[in-house]
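Participant: whatever this is, show me its structure:
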Amino acid sequence: METADTNARAQHEPAVDRSWYERILKVVGNWIQLFALVVLACESILGILAWKTGGTAQMLLVIGMILVLLSLIAVAAAIVIGGPRAAESDSRNDSDTPRTTDDFLRRHTDCVSTFRSAQKTFLQVLLNRFELHRLQDGAGTRLIVRIDENDLAIWSGEGKRVLNRWVFPRAQEEVINLQRKLECFLLEGQGDDWNVEAKDVRFRFASGGTLPILHIGDHAYYCLFYREIRPIGWNIANGSCDTREELLQPRLAMKRELSEELIIIDPTREKGHRYVFDDYHDAAEFTISHELIHRLFPELTFDSLSRHPVKVTPEPGPDEVSVTIGRNKAKWTHDCFLNINATDLGIEIDQIVTIEVDPTARLLDGELADSVVSASKGDTRLVNAPVGLFSVEKMNESLRSRVNLFVPDILFHSARQYGNVEAPLNEGSLDTVTGEFAKSKWVDFDRDEQVHYRDIQDRGLEYDLCPVTRSIITRFISTNLGK
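Facilitator: I've put the predicted structure just below:
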């Protein structure tokens with residue numbers, strides 16, 4: 001879940017260039033110096049004429065003295081205007097211009113600091129070095145991360161935007177090259193060992209995510225959440241690590257994000273019940289989310305629903321991750337799915353789990369959104385994104401066919417169900433639900449986001465899979481785990 005502060009956002013808009021007047025003064029000073037040289041040349045000519053002509057010598061001498069005085073004034077003005085001030089301006093411009101990514105980031109102390117000091121939510125360390133090793137089975141990858149207390153870290157959505165604002169305009173070629181190499185290594189299984197060293201790119205470590213597979217009767221469905229901001233499309237339940245413990249053990253973040261985002265209730269049961277994953281639904285951080293659900297959907301009587309513990313079964317993943325902070329012992333996460341995306345500057349550790357769900361259950365997105373607008377009002381909102389269920393068999397076949405339009409078989413929004421096993425959802429109904437959802441969020445969009453959303457719609461890509469989603473399902477299939 002991303003948070004943003006209005007003041008921080010304003011402070012990090014591109015700086016206004018205030019040195020234009022100094023450049024004008026420098027140009028004026030140069031012209032005055034040129035004028036002084038012309039005056040001196042005229043003095044020399046007048047001196048020669050005064051020497052050769054006796055009758056007008058006195059008049060020429062007076063004119064010459066006036067020109068000498070003008071040249072002295074011009075030289076003095078040039079020194080005052082064009083000299084020290086221009087030098088001061090050049091010196092200041094040189095010192096104010098960051099030369100490296102880290103230099104730029106260190107100037108944004110309200111959202112970037114050393115890892116030692118960054119003890120807040122949305123905690124991500126900025127890495128330019130890590131190791132990738134091919135596991136013996138040939139299908140999996142080992143990620144080795146070493147974190148130093150002095151490494152830079154961010155703790156908010158604004159920190160992510162600051163990083164993007166610096167890297168993408170300056171390191172586009174490096175981003176493209178890294179992305180190509182990462183896809184070859186992770187998705188195509190090329191190469192054995194790679195010590196990644198980036199020059200200007202910084203990878204955010206780490207996020208944790210979960211792709212739920214819901215078993216409803218005889219059918220299996222991928223459960224995905226619709227995302228109306230970049231990257232637009234169907235996403236898994238994911239988000240940034242919040243603590244050092246989650247950085248060391250990303251499985252904690254995976255479980256937290258699943259429990260926060262995927263709310264399953266069944267009001268048709270006697271007295272009704274809500275599904276609980278490993279007691280996470282009763283954690284203190286979900287109290288606000290549950291209060292908002294009860295306020296927005298009073299007909300669900302959410303606060304009176306009984307707890308229904310449900311088994312969450314992790315699917316074995318091909319990868320493993322080792323994380324070390326300082327000189328402490330490394331912590332390992334096994335049986336996971338590694339996602340590294342240079343185009344998003346992100347390193348994410350994911351899992352796939354299966355959950356048995358009754359056909360009468362309803363799904364709801366419980367993620368909290370502290371947008372720029374809502375944060376400025378001291379308001380906290382529910383994201384309430386549409387939740388789609390996609391037939392595992394059909395989705396796998398669509399990915400093999402390389403399509404980019406994915407319509408869920410069943411859709412839930414605001415705890416309402418659209419489509420069912422016998423009558424799957426159609427694209428028209430999907431357009432209606434997602435369109436209303438996106439427009440409800442436009443109050444929080446800046447103009448660039450609105451233009452981008454319309455552009456994605458015009459290109460017919462609004463129902464594509466987010467990069468992380470496509471990657472994890474593709475690897476799930478390719479490693480024979482999803483067959």
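
Participant: okay, CA-based contacts and neighbour counts for the rest of this
Facilitator: Noted.

Participant: which residues does the nearest residue to Val125 once chain neighbours are set aside contact?
Facilitator: Distances taken as CA to CA, 6 or more residues apart in numbering put Ala153 closest to Val125, at 4.2 Å, once the chain neighbours are dropped. When contacts are counted by CA atoms under 8 Å, 6 or more residues apart in numbering, Ala153 touches Val112, Ser113, Thr114, Phe115, Ala118, Leu123, Gln124, Val125, Leu126.

Participant: mind redoing it with 6 Å?
Facilitator: Contacts for Ala153 were tallied using CA atoms under 6 Å, 6 or more residues apart in numbering; they are Val112, Ser113, Thr114, Phe115, Gln124, Val125, Leu126.

Participant: ok, now Ile325?
Facilitator: Neighbour list for Ile325: Ile147, Asp148 [criterion: CA under 6 Å, 6+ apart].

Participant: again, but for Met254
Facilitator: Gly208, Gly209, Thr210.

Participant: not counting sequence-adjacent ones, nearest residue to the most centrally placed residue in the chain?
Facilitator: Nearest residue to the geometric centre of the chain (CA atoms, centre = their mean): Lys160, 4.9 Å. Using CA to CA, 6+ apart and skipping the chain neighbours, the partner closest in space to Lys160 is Ile154 (7.1 Å).

Participant: same check on Pro386?
Facilitator: His413 (4.6 Å).

Participant: distance from the longest strand along the chain to the middle of the chain?
Facilitator: The longest strand of the chain (DSSP state E) is strand 203-216. Centroid separation between strand 203-216 and its chain, computed with CA atoms, centre = their mean, to the nearest Å, is 16 Å.

Participant: what is the rounded mean pLDDT of the next helix or strand after it?
Facilitator: Counting by DSSP states H and E, the next helix or strand C-terminal to strand 203-216 is strand 219-227. The average pLDDT within strand 219-227 is 97.

Participant: got the contact list for strand 219-227?
Facilitator: For strand 219-227, the external contacting residues (CA under 6 Å, 6+ apart) are 212-214, 233-236, 385-392.

Participant: give the buried residues for that strand.
Facilitator: Using 16 or more other CA atoms under 10 Å as the test for burial, strand 219-227 gives Ala220, Tyr221, Tyr222, Cys223, Leu224, Phe225, Tyr226, Arg227.

Participant: picking up where we left off before, confidence score at the residue nearest to the centre of the chain?
Facilitator: If you check Lys160, the pLDDT there is 89.

Participant: same deal with the one 10 residues further on?
Facilitator: In this prediction, Arg170 carries a pLDDT score of 94.

Participant: which element, helix or strand, includes the residue nearest to Val125?
Facilitator: Per DSSP H and E: strand 152-154 holds Ala153.

Participant: partner strands of that strand, parallel or antiparallel?
Facilitator: Here strand 152-154 has these sheet partners by DSSP bridges: strand 112-114 (antiparallel), strand 124-127 (antiparallel).

Participant: which element follows the last one toward the C-terminus?
Facilitator: Following the chain from strand 124-127 toward its C-terminal end, the next helix or strand by DSSP H and E is strand 129-134.

Participant: got the angle between that following strand and strand 203-216?
Facilitator: Put simply, strand 129-134 runs at 40 degrees to strand 203-216, going by axes from the mean of the first three to the mean of the last three CA atoms, to 10 degrees.

Participant: run the chain-centre distance for strand 129-134.
Facilitator: The chain centroid and the centroid of strand 129-134 are separated by 22 Å under CA atoms, centre = their mean.

Participant: so which elements touch the helix or strand just after that strand?
Facilitator: Once the chain leaves strand 129-134, the next helix or strand it forms, by DSSP H and E, is strand 141-147. Applying 3 or more CA pairs under 6 Å, 6 or more residues apart in numbering; DSSP states H and E, we find strand 141-147 packed against strand 129-134, strand 319-325.

Participant: quick one: buried residues of the helix or strand following the longest one?
Facilitator: Of the helices and strands lying after strand 319-325 in sequence (DSSP H and E), the nearest is strand 331-341. Going by neighbour count (16+ other CA under 10 Å), the buried part of strand 331-341 is Trp332, Thr333, Asp335, Cys336, Phe337, Leu338, Asn339, Ile340, Asn341.

Participant: hmm, back to that, can I have the buried ones of the contacts of Met254 as a ChimeraX selection?
Facilitator: The ChimeraX selection below is limited to those of the contacts of Met254 classed as buried (16+ other CA under 10 Å):
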select :208,209,210
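
Participant: dump the contacts of Ala153 into TSV; add neighbour count and distance to Cys184 as well.
Facilitator: Putting those into TSV (neighbours: other CA atoms under 10 Å; distance: CA to CA, whole Å) gives the following:
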residue	neighbour count	distance to Cys184
Val112	25	32
Ser113	22	33
Thr114	18	32
Phe115	22	31
Gln124	30	25
Val125	26	25
Leu126	25	23
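
Participant: of those residues, closest to Val353?
Facilitator: Relative to Val353, the closest of the contacts of Ala153 is Gln124; by CA to CA it sits at 24.5 Å.

Participant: can you pull the contacts of Leu123?
Facilitator: Ile154, Trp155, Cys241, Asp242.

Participant: ok, the closest residue to it other than its chain neighbours to Thr243 distance?
Facilitator: Taking CA to CA, 6+ apart, and ignoring the residues beside it in sequence, Leu123 has Trp155 as its nearest neighbour in space, at 4.6 Å. Distance, Trp155 to Thr243, by CA to CA, to the nearest Å: 10 Å.

Participant: and Ile73, helix, strand or coil?
Facilitator: helix (DSSP: H, G, I helix; E, B strand; the rest coil).

Participant: do the same with Tyr453
Facilitator: Three-state call for Tyr453 (three-state DSSP): helix.

Participant: okay, now Ile144: neighbour count?
Facilitator: Neighbour count for Ile144, taken as other CA atoms under 10 Å: 18.
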